[in-house]
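Participant: make a model of this:
(2 chains)
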Amino acid sequence: MLLRPPADIPSSEITPESTYLSRRDFLGRGAGALAAAAALPGVARAMPPQDKDELTPYEDVTTYNNFYEFGTDKADPAENSKGFTTKPWSVVVDGLVKKPFTLQLEDFIKPHKLEDRTYRHRCVEAWSMVIPWQGFPMADFIKRAEPLGSAKYVQFFTLHDPKRMPGQERPILPWPYTEALRLDEAMHPLAMFGTGLYGKTLLPQNGAPLRTITPWKYGFKACKSIVRITFTEKQPLNTWQLTNASEYGFYANVNPEVDHPRWTQSKERRIGEFRRRVTLMFNGYPQVASLYGGMDLHKNF
Amino acid sequence: MKSLPLPLPLPAAVLRFAPPARVTRVVLFVASCLPLLVIAGWLASDLMFHTRHLGSNPIKEAEHMTGEWTLRFLMFTLAVTPLRQLLGWNWLAKHRRTMGLFAFAYGSTHLLCWALLDVQLDWMDIVTDIMKRWYILIGMTAWLLMLPLAATSTAAMIRRLGKNWAPLHNLVFATVVLGCIHFFMAVKRDIEDPLLFASIFAVLLGWRVYMWWRRRQAAQVTPAIG
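Facilitator: Down below sits the predicted model:
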C-alpha cells in the first residue's frame, strides 16, 4: 500500500483505524513463529496462546513509552512532550559519505514511498507491543547518502536540546542518545525509518519526526528524533552500552536464550494481555538470521 | 533515654498534642488500608476492563507500588522513636506495631504480585529468578526477615521473649537495608526513588546514632558532677 507523506494526507483518512485493527498482514509472521517453536521444543507445549498478534491499542502505543529525553516514567514522554515542535527540522548526514549534506525533514522523506508495516516491538524490559508503522526502507535512504566503501556502520543521534527535551536536564544518560547499526543490518529490508504510526504523523513520545525501526532488536536499539546520521568504519559505542556494557551490548538482538543479567528474556508480556508469551528468536523475524552467521550471539548480545 | 531533655524547644501545644488512642487507631488503620484497596481496585479494573488506571502495564505498576509502600511503612515504623524523642509524642508508640504489620502486609502483597501475577507461578522461572538474580534473592531475604517479627508482635510473644524481644526486632534494620538495595538494583537507570528512601533511612539511622552519642556523653558527665 502506497501512501503520500502523512504531513499532506494522514493515512488515517485513507485507511480507517477499524480496518487497521482487523488487518493481519504481519511481515514475516507464521514462518517465523513456526521456526522458533521448532527450535524450542520443550517450550512449545507450555506456550500460552500466541497464535494471534493483535494490534496494541493506539492509546497504549502513545502513552507507555521509554524515551528518557522526556522523563524516565513510562507516562512521562506523552506528558512532557506536549508542545514539542518538529518544524523546522533538519538532519545532518556526514562521516564516510561521498559528500556530507544537510536535509530539511521534508526533503529527507519526500523522495521515498511511505509504506505501512506492522511489526512486533519487544522492549528489553520484557514487554512487547504490535505497532502499525508508516515509513520507508532504511536501505533506500542509505543508497541516497552514497556511503564510501570504507563505511561499515551507520550511527544515529537524537536531538540534544534540554530546553525542548526536559529529561536531558538530568544526567540519566550521556546525551545525546546515540545508536548504530552495522551497514548490512541497516540495509536489511526489514529495517526502516519511521515517520508515523496508526496512519498518523509520529508523536514526539514515539520519536517524531524521524526514528529508526529494527523489529528484530530490542526497542532501545531504535534512535528517535534523529538529527544526525553518520557513517563510520569503526563500531560506534551506543548509549546503553556506554552506560552499562555488562547489561547492554551493541547488537541487542531479541534472543530468548540470552538473559538480561537481572531478568529472563525467554518470556514477555504483551501489553494488554494477562498471560506471558514465549519470546521468539529475533522477535519472530528469522529472515535476519543470515546477518549473524558464525557469530556467537551469547557474546555479541 | 526518656530522662534526656527534648532536643528542640517546642511550643507546649505541640508537645501536648496527644489524640485519643481509639481515634488514632481507627484513622491509622483506615489510612493504611487505603493504598492497598486503591491499588487492588485499579488493578482489577485494568485487568478486566483495560481502564489504564495503572497505565498500560498494570501488573508491573502494581508490583512497583506495593514494593514502594512496603518501604514507606518500614520508614513509618522507624520514624516512631525519633518522633517521640523529638516531639515527645509518646502516644505514637502504641501504633508502631500497626505500622510494622502493615509493612509486612504490603511486602507480602508485593511478593504475591510478583509470584502470582507477574511470573504466574511458573516455578521454573521463580526458582531460577531467586537463584540467578541477586536483587530478587535480596528482596526475598528482606521479606523472610519480616516473618519472625510479625510472628512475635503479639502481646503474649512480647512478654514471652522478654529481654530478647528488642534485639530480635532490630532485624527490621536489616530488612530496610536489604529492601533499599533491592530497590536500587531493580531500577534500570534512574535511581532517584531508591535514593530518596535510602536518604530517609540514613536520617532515621543517623538520629539514632546521635541519640546514642548523647546518652554516652550524659553518662560520662553525670558522675563527675555528682
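
Participant: can you give me the neighbour number for residue A:83?
Facilitator: Using other Cβ atoms under 10 Å in any protein chain shown, the number of residues around residue A:83 comes to 7. Every residue, glycine included, has its C-beta placed from N, CA and C.

Participant: could you list the low-pLDDT ranges of the chain?
Facilitator: All of this is about chain A. For chain A, the stretches flagged by pLDDT under 70 are A:1-51.

Participant: looking at chain B here, not the other one
Facilitator: Using pLDDT under 70, chain B drops low at B:1-8, B:222-226.

Participant: now with 50?
Facilitator: B:1-3, B:226 (pLDDT under 50).

Participant: end-to-end on stretch A:70-89?
Facilitator: End-to-end distance of stretch A:70-89: 18 Å, with Cα to Cα, to the nearest Å as the criterion.

Participant: write out the residues of chain B neighbouring chain A.
Facilitator: B:47, B:50, B:52, B:55-57, B:59-60, B:119-120, B:122, B:125, B:128-129, B:132-135, B:185-186, B:188-190, B:192 (Cβ under 8 Å from any Cβ of the partner chain).

Participant: tell me which helix or strand the residue sitting nearest the centre point of chain B sits in.
Facilitator: Against the mean C-alpha coordinate of chain B, by Cα atoms, centre = their mean, the closest residue is residue B:74 at 0.7 Å. Assessed by DSSP states H and E, residue B:74 sits inside helix B:58-87.

Participant: ok, residue A:131 next?
Facilitator: Per DSSP H and E: strand A:127-137 holds residue A:131.

Participant: tell me what angle that strand forms with helix B:58-87.
Facilitator: Between strand A:127-137 and helix B:58-87, the angle comes out at 120 degrees (axes from the mean of the first three to the mean of the last three Cα atoms, to 10 degrees).

Participant: helices and strands around strand A:127-137, which ones?
Facilitator: helix A:58-61, strand A:114-122, strand A:192-197, strand A:267-270 (3 or more Cβ pairs under 8 Å, 6 or more residues apart in numbering or on different chains; DSSP states H and E).

Participant: those: which one's closest to chain B?
Facilitator: helix A:58-61 (4.1 Å; Cβ to the nearest Cβ).

Participant: ok, and what's touching the helix or strand following that closest one?
Facilitator: Next helix or strand after helix A:58-61 toward the C-terminus (DSSP H and E): helix A:76-80. Helix A:76-80 is contacted from outside by A:62-63, A:65-67, A:69-71, A:166-167, A:203-205, using Cβ atoms under 8 Å, 6 or more residues apart in numbering or on different chains.

Participant: which parts of the chain are helices?
Facilitator: No chain specified, so I'll use chain A. A:17-22, A:31-39, A:41-46, A:58-61, A:76-80, A:105-109, A:138-145, A:183-186, A:239-243 (DSSP state H).

Participant: my question was about chain B
Facilitator: B:12-16, B:21-49, B:58-87, B:96-112, B:123-132, B:134-151, B:155-161, B:165-169, B:171-186, B:192-225.

Participant: helices and strands around the second one, which ones?
Facilitator: By that I understand helix B:21-49. Contact here means 3+ Cβ pairs under 8 Å, 6+ apart; on that basis helix B:21-49 packs against helix B:58-87, helix B:96-112.

Participant: please list which of the contacts of helix A:76-80 are also close to chain B.
Facilitator: Answer for those near chain B (Cβ under 8 Å from any Cβ): residue A:63.

Participant: farthest pair within the contacts of helix A:76-80?
Facilitator: Using Cβ to Cβ, the pair of these lying farthest apart is A:62 and A:166, separated by 18.4 Å.

Participant: can you pull the buried residues of stretch A:278-289?
Facilitator: Under the neighbour-count criterion of 16 or more other Cβ atoms under 10 Å in any protein chain shown, stretch A:278-289 has A:278, A:279, A:280, A:281, A:282, A:283, A:284, A:285, A:286, A:287, A:288 buried.

Participant: just send these back as a markdown table, with distance to chain B too.
Facilitator: Listed next are those as a markdown table, based on distance: Cβ to the nearest Cβ, whole Å:
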| residue | distance to chain B |
| --- | --- |
| A:278 | 11 |
| A:279 | 13 |
| A:280 | 17 |
| A:281 | 19 |
| A:282 | 22 |
| A:283 | 18 |
| A:284 | 21 |
| A:285 | 23 |
| A:286 | 25 |
| A:287 | 29 |
| A:288 | 26 |
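
Participant: got the contact list for the closest residue to residue B:97 other than its chain neighbours?
Facilitator: Counting by Cβ to Cβ, 6 or more residues apart in numbering or on different chains, residue B:97 lies nearest to residue B:153, which is 5.4 Å off, once chain neighbours are set aside. Residue B:153 makes contacts with B:97, B:100, B:101, as judged by Cβ under 8 Å, 6+ apart.

Participant: now the buried members of these.
Facilitator: So, by 16+ other Cβ under 10 Å, the buried ones in those are B:97, B:100, B:101.

Participant: I'd assumed residue A:277 was in contact with residue A:268.
Facilitator: Yes - Residue A:268 is within contact range of residue A:277, at 5.5 Å (criterion: Cβ atoms under 8 Å).

Participant: overlap of the contact sets of these two?
Facilitator: Common neighbours of residue A:268 and residue A:277 (Cβ under 8 Å, 6+ apart) are residue A:128.

Participant: more neighbours: these two, which one.
Facilitator: Between residue A:268 and residue A:277, residue A:268 has the larger neighbour count (other Cβ under 10 Å), namely 24 against 17.

Participant: what about that one, distance to residue A:121?
Facilitator: Using Cβ to Cβ, to the nearest Å, we find residue A:268 at a distance of 10 Å from residue A:121.

Participant: ok, residue B:210 next?
Facilitator: In this view, residue B:210 and residue A:121 are 52 Å apart by Cβ to Cβ.
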